[in-house]
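A.B. asks: one predicted model, sequence on top.
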Number of protein chains: 4
Amino acid sequence: MKSYIRKVNYYETDKMGVVHHSNYFRYFEEARTAFMEQCGYPYPRLEEEGIISPVVGISCRYHKPVHYGETLEIRVYLTRMSRVKTAFRYEVLDAASGELRASGESEHGYLDGSGRIVSVQKSAPEFYETFLREAEPEA
Amino acid sequence: MKSYIRKVNYYETDKMGVVHHSNYFRYFEEARTAFMEQCGYPYPRLEEEGIISPVVGISCRYHKPVHYGETLEIRVYLTRMSRVKTAFRYEVLDAASGELRASGESEHGYLDGSGRIVSVQKSAPEFYETFLREAEPEA
Amino acid sequence: MKSYIRKVNYYETDKMGVVHHSNYFRYFEEARTAFMEQCGYPYPRLEEEGIISPVVGISCRYHKPVHYGETLEIRVYLTRMSRVKTAFRYEVLDAASGELRASGESEHGYLDGSGRIVSVQKSAPEFYETFLREAEPEA
Amino acid sequence: MKSYIRKVNYYETDKMGVVHHSNYFRYFEEARTAFMEQCGYPYPRLEEEGIISPVVGISCRYHKPVHYGETLEIRVYLTRMSRVKTAFRYEVLDAASGELRASGESEHGYLDGSGRIVSVQKSAPEFYETFLREAEPEA
């Protein structure tokens, strides 16, 4: 598990006075970017090696609203790593109280420049090994 | 089922050259707004009656990328309606070819101005009846 | 002048209850896209010819807030066209009342695939002629 | 002048491969929030006192594109402070090289809960004094 801290921006709220639900998926993405940096394998490096990693599926459950001025901790768990697919789980917490605000999951594939599925074990072995080490399969 | 047509905007793409995955949740929302208008019960009317309807959970599966310049058809199915909760299912199609690009689901609750759960059967009976008529429970 | 009609989305509002100021620049972009389509020279065609057109400068003045549920008319004026630069002016009106809500200006350059400035008169003459015909220089 | 550091997010890029121009206005907003925090008068406190501060006008000039993976420094200058209006100037720099990427300006008013213009000298004197001290009028 790796942790990412970030403040809520005004432009992320909507007229309900809370963060719009679509923005949590952007927080997840930021948290994945931070995850990869903390692993020592930043995402831009993967793209430099000619691999892009599109989101295949993603979901979020909202437990309590998040307000402007609050600071969030997003916890990222790498729950599954194979040669062609990666899965993450997320917890969004209020950083001050530790209270859970939302949780989510995502699944990612790997494509080369022409949009063909690639095995990262073959095409980006160092990346594959790095993520394999971080994987925490869930019960 | 109700259908909503919309073009893809440049600002919705990302450096992969396709629509960013977080924007599909905004398309879903637009399609829900259109759904309610087509039902004769626009969402702003619900808020005028003092009820807000936050997203409780939402998900999307991405089948094929969507590009700038394309036109989408988003099909909205109201799959479940109770006094306190509504569920929708979505299909995102390329309007030209009818090809499926993504599909999703969402769940929505109902709150009053103080954030308390309300029964829309009691608090907004006309809305409740309208949605009940539109509901197409899935097998 | 060409006109573009669009509804305000919920996700474009912020906790002030009105459309966030950054979204007007997205409305301008949508209105430019519609402008080019109405001219018979859609923007995707320009990119297919290997030319991208980045924004060089842009501004907006906000006269009255815009709310969810309202429909906007965005009027686009092509105010200047040269071989290397285009300028637009925008008026954002409430479609129902015709009342002015915001106004803006933008300036756009033209680059080839390697990021070099190109003369569209030479590289995309049909586009250049189309825009030249639409230009309405201001006093 | 106060300085704010932030990384570029993937979802802020567009199909040109660079940060979409509309996002700079969101960076400006984040930088203003940081500015106010560093002054000891965070923006949420102003809203708690019943005052909102809408953007009256805003502009940006784009000098060089910004890419995913880069870190930005946004410098905020409070250039004008009166009882009813505040103006800021911004410089967006690549944090690594110090190179200027964009620059901008914004103007902000002050309204009470009913949308009436207020004098912050009267309604929020501590805020007014704080900003007055930070003001660096330009030649």
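C.D. replies: Perfect, I can see it now.
A.B. asks: next, name the residue at the spatial heart of chain A.
C.D. replies: Geometric centre of chain A, nearest residue: A:Arg32, 3.3 Å, by CA atoms, centre = their mean.
A.B. asks: that one contacts A:Phe88, doesn't it?
C.D. replies: Yes - assessed by CB atoms under 8 Å, A:Arg32 is found in contact with A:Phe88 at 6.4 Å. For every residue, glycine as well, the C-beta is placed using N, CA and C.
A.B. asks: do you know how far the residue nearest to the centre of chain A is from A:His63?
C.D. replies: A:Arg32 sits 21 Å away from A:His63, going by CB to CB, to the nearest Å.
A.B. asks: just A:Ile52 next, same as before
C.D. replies: Counting by CB to CB, the gap from A:Ile52 to A:His63 is 32 Å.
A.B. asks: what's in contact with the helix or strand of chain A with the lowest mean pLDDT?
C.D. replies: When each helix and strand of chain A is scored by mean pLDDT, DSSP states H and E, helix A:43-48 comes last, with a mean of 94. For helix A:43-48, the external contacting residues (CB atoms under 8 Å, 6 or more residues apart in numbering or on different chains) are A:32-33, A:36, A:52-53, A:124, A:127, D:10, D:68-69.
A.B. asks: helices and strands around the very next helix or strand once past that helix, which ones?
C.D. replies: Using DSSP states H and E, the helix or strand that follows helix A:43-48 towards the C-terminus is strand A:55-62. Counting contacts by 3 or more CB pairs under 8 Å, 6 or more residues apart in numbering or on different chains; DSSP states H and E, strand A:55-62 packs against helix A:23-39, strand A:100-109, strand B:55-62.
A.B. asks: just the buried residues of the next helix or strand after strand A:55-62, please?
C.D. replies: Using DSSP H and E, the helix or strand that follows strand A:55-62 towards the C-terminus is strand A:71-81. For strand A:71-81, burial by neighbour count (16 or more other CB atoms under 10 Å in any protein chain shown) applies to A:72-81.
A.B. asks: strand A:71-81 pairs with which strands, and in what direction?
C.D. replies: strand A:2-7 (antiparallel), strand A:85-94 (antiparallel) (DSSP bridges).
A.B. asks: now mean neighbour count and mean pLDDT too, for those strands, in CSV please.
C.D. replies: Below are the strands paired with strand A:71-81 laid out as CSV (neighbours: other CB atoms under 10 Å in any protein chain shown; pLDDT from 0 to 100):
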stretch, mean neighbour count, mean pLDDT
strand A:2-7, 16, 98
strand A:85-94, 20, 98
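A.B. asks: dump the residue contacts of the closest residue to chain B within chain A.
C.D. replies: Per CB to the nearest CB, the residue of chain A with the smallest distance to chain B is A:Ser59, at 3.4 Å. A:Ser59 makes contacts with A:104-106, B:57-60, as judged by CB under 8 Å, 6+ apart.
A.B. asks: go again using 6 Å as the cut-off
C.D. replies: By CB atoms under 6 Å, 6 or more residues apart in numbering or on different chains, A:Ser59 lies in contact with A:104-105, B:59.
A.B. asks: of the helices and strands packed on strand A:55-62, which is nearest D:Leu100?
C.D. replies: helix A:23-39 (25.0 Å; CB to CB).
A.B. asks: does the closest one reach chain C?
C.D. replies: No - Helix A:23-39 is not in contact with chain C by CB under 6 Å from any CB of the partner chain; minimum separation 8.7 Å.
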